[in-house]
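Enquirer: No sequence on hand, only this structure:
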């Protein structure tokens, strides 16, 4: 088996596992609620933190040099 075909096989296996996990999560109400809660937490905390970091970096980079 060549490296290229091994990568392709690994990608297919990972994609199948991801699709299977998504199906189980979407069809099981407790898991779906858990996933939606995690999504809300990520959107509520992760995205604003990233935006604040980027705004701070832009502010520092735009400061006039003395």
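Expert: Cool, the structure landed. In this text the structure is predicted, and so the values were computed from the model without any measurement.
Enquirer: Identify the single longest helix in the chain, thanks.
Expert: helix 3-27 (DSSP state H).
Enquirer: Which other helices and strands does that one contact?
Expert: Judged by 3 or more C-beta pairs under 8 Å, 6 or more residues apart in numbering; DSSP states H and E, helix 3-27 is in contact with helix 29-41. To be clear about C-beta, it is placed using only N, CA and C from the backbone, and glycine gets the same treatment.
Enquirer: okay, the angle between the helix it packs on and helix 3-27?
Expert: Orientation check (axes from the mean of the first three to the mean of the last three C-alpha atoms, to 10 degrees): helix 29-41 against helix 3-27 gives 110 degrees.
Enquirer: in helix 29-41, what's buried?
Expert: Neighbour counts using 16 or more other C-beta atoms under 10 Å place no residue of helix 29-41 among the buried ones.
Enquirer: who does that helix touch, helix- and strand-wise?
Expert: Judged by 3+ C-beta pairs under 8 Å, 6+ apart, helix 29-41 is in contact with helix 3-27.
Enquirer: what's in contact with the helix it packs on?
Expert: For helix 3-27, the external contacting residues (C-beta atoms under 8 Å, 6 or more residues apart in numbering) are 1, 31, 32, 35.
Enquirer: Which two of these have the greatest separation?
Expert: Greatest spatial distance in those: 1 and 32, 38.0 Å, computed using C-beta to C-beta.
Enquirer: Where does confidence bottom out across the contacts of helix 3-27?
Expert: pLDDT is lowest at residue 1 among the contacts of helix 3-27; the value there is 87.
Enquirer: do you know how far that residue is from residue 47?
Expert: Separation of residue 1 from residue 47 (C-beta to C-beta, to the nearest Å): 41 Å.
Enquirer: With neighbour numbers in mind, choose between these two.
Expert: The residue with more neighbours, out of residue 1 and residue 47, is residue 47; 10 against 7, by other C-beta atoms under 10 Å.
Enquirer: For residue 39, see how far away the more buried one is.
Expert: Residue 47 is 11 Å from residue 39, by C-beta to C-beta.
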